[in-house]
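Peer 1: Take this sequence and fold it.
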Amino acid sequence: MAPTASPAPALQSTIPVIKKGDVDAMAAMAHRGKALPGIPSFDSHAEKRQWQLEHMACSFRVFAREGYAEGISGHISVRDPEFEDQFWINPLGVHFGMLKASDMICVNLDGDVVGGNIDGSINAAGYQIHSSVHRSRKDVHAICHTHSIHGRAWSALAKPLDMINQDVCYFYKAHSVYSDYGGIANEASEGQRIAQSLGDGKAVILMNHGLLTVGETVDEAAYLFCLMERSCKVQLLADQTGLEKQIVSDEEAAYNFKMASTPECLYTEFQPHYKYEEHLSNGSFKN
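Peer 2: Numbers count the residues shown, from 1 in each chain. As a prediction, this is how the structure comes out:
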């Protein structure tokens, strides 16, 4: 179907429905080949917890190589697999590129440190944002937020991304804009407003602030963050030409979303990044 040159459709809060049994998105990735492995299962909470922390630490290493670190800003959180009112988050003041699984701090929704690296401190604004999202979205198990360069640049426009290429369609009708910037989110109310703006979506553009993505796994949330940051860069470059953009049609954008934006597919999309970081660091982030 040929793309149209019409303006991007108005953003809607309802994510397109992915009908199971319609198309097997995971199987469709490989042409006449064996489907790639999806999200693993575990025999115990302890095994899953360690796996989550390793993938969380690896996500930070990837973010470091992508240049997302900015002073003490930025955080990733992962909900504990056993206690849904607890989540793990990175310590304050440690560079993304140095983080290991053992550095992470477990905190509950009341703000009490309950496990992990209990000698570390956590970012106050990070706690307010992540606790609010975890509280409001039981389906969300991981959240990523950093002050990446192109995300910050695009956030100043307070606009959703246009569906101008195949990859950005992973956010089709699944991202929003929080345009009520209230300064550094040290107060619970700011975190609550961000969570409300996210709604049931996969990502939110925080005006004058940056990007935030969520997922069922930290791999999904991390991949979406990298993709959204690049999508902001792509749109800024396209807009800079001053030429008319060709917008992907609603039908094709919805199809792309259905085929590529499932939790299993997005988890799989991150695995080359995970394996490459594991190769480069000799798995040091797992300690």
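
Peer 1: Under a three-state scheme, what state does Ile205 occupy?
Peer 2: The three-state label given to Ile205 by DSSP: H, G, I helix; E, B strand; the rest coil is strand.

Peer 1: Look at the nearest residue to it once chain neighbours are set aside and say how many residues are nearby.
Peer 2: Closest residue in space to Ile205, ignoring its immediate chain neighbours: Val177 at 4.8 Å, by CB to CB, 6 or more residues apart in numbering. Glycine gets a C-beta too; all of them are placed from N, C-alpha and C. Counted with other CB atoms under 10 Å, residues neighbouring Val177 total 18.

Peer 1: next one: the one 4 residues further on
Peer 2: Close neighbours of Tyr181, defined as other CB under 10 Å, add up to 15.

Peer 1: Please apply the same query to the one 3 residues further on.
Peer 2: Around Ile184 sit 12 other residues, with neighbours defined as other CB under 10 Å.

Peer 1: in which helix or strand would I find it?
Peer 2: Here Ile184, judged by DSSP states H and E, is contained in no helix and no strand.

Peer 1: who's in contact with it?
Peer 2: Neighbouring residues of Ile184 by CB atoms under 8 Å, 6 or more residues apart in numbering: Ala125.

Peer 1: returning to what we had before: might one say that the residue nearest to Ile205 is in contact with Pro160?
Peer 2: Yes. With contacts counted by CB atoms under 8 Å, Val177 reaches Pro160, the gap being 5.6 Å.

Peer 1: for the residue nearest to Ile205, helix, strand, or coil?
Peer 2: Per three-state DSSP, Val177 ends up strand.

Peer 1: Kindly report the same for Ala253.
Peer 2: Counting by three-state DSSP, the backbone at Ala253 sits in helix.

Peer 1: surely it meets Cys169?
Peer 2: Yes. With contact defined as CB under 8 Å, Ala253 reaches Cys169; the gap is 4.5 Å.

Peer 1: joint contacts of those two?
Peer 2: Contacts common to Ala253 and Cys169, judged by CB under 8 Å, 6+ apart, are Met163.

Peer 1: The stretch 51-200 of the chain: helices as residue ranges?
Peer 2: 124-136, 149-155, 188-198 (DSSP state H, counting those that start in this stretch).

Peer 1: Thank you, goodbye.
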